[in-house]
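Undergrad: Need coordinates for the below:
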Amino acid sequence: MIGRIAHYTADAVLISTVLAGVKRHTGYTPNADPNAPNPIPFVSGPNASKYFGHYLGVGEYVYDHTVAYAHKSPYFKQTNPALNLAEGAGHVAEKLREEGMKKGGQWFWGSGGGGAEGKGK
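TA: The predicted model follows:
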């Protein structure tokens, strides 16, 4: 019985933490305002709305502490998603160039080499 309660509590905290992450990165949050046009059905009363706000606050607390731990920990490193995309695109372009060379040098523009230097040949 205690194990089941602990399991459900951990699940609830994880869901709340995910919602906090969504809020921090996108600005979207569950509609807990009972006066709004489309509120969450189970958050219709003022007490339920208050407790739901506390529930979301627990997720933000856990999220903040997780980010702080990751910032201080040597096991995490900060990456820039835009740089990762650029590096990935360069890697894909290089692989395409290599495959084009293996197939007789014909790449996208019908000449060897590809890229700007291959357009005029």
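Undergrad: Point me to the helix or strand that includes Gly59.
TA: Using DSSP states H and E, Gly59 sits within helix 46-72.
Undergrad: pLDDT (mean, whole number) over that helix?
TA: Helix 46-72 shows an average pLDDT of 88 in the prediction.
Undergrad: What is that helix packed up against?
TA: Counting contacts by 3 or more Cβ pairs under 8 Å, 6 or more residues apart in numbering; DSSP states H and E, helix 46-72 packs against helix 2-26. (Each C-beta comes from the backbone N, C-alpha and C, glycine too.)
Undergrad: quick one: contacts of the helix it packs on?
TA: 28-30, 55-56, 58-60, 62-63, 66 (Cβ atoms under 8 Å, 6 or more residues apart in numbering).
Undergrad: buried sites along that helix?
TA: Buried residues in helix 2-26, defined by neighbour count with 16 or more other Cβ atoms under 10 Å: 16-17, 19-21, 23.
Undergrad: With stretch 50-58 instead?
TA: 52, 55-56.
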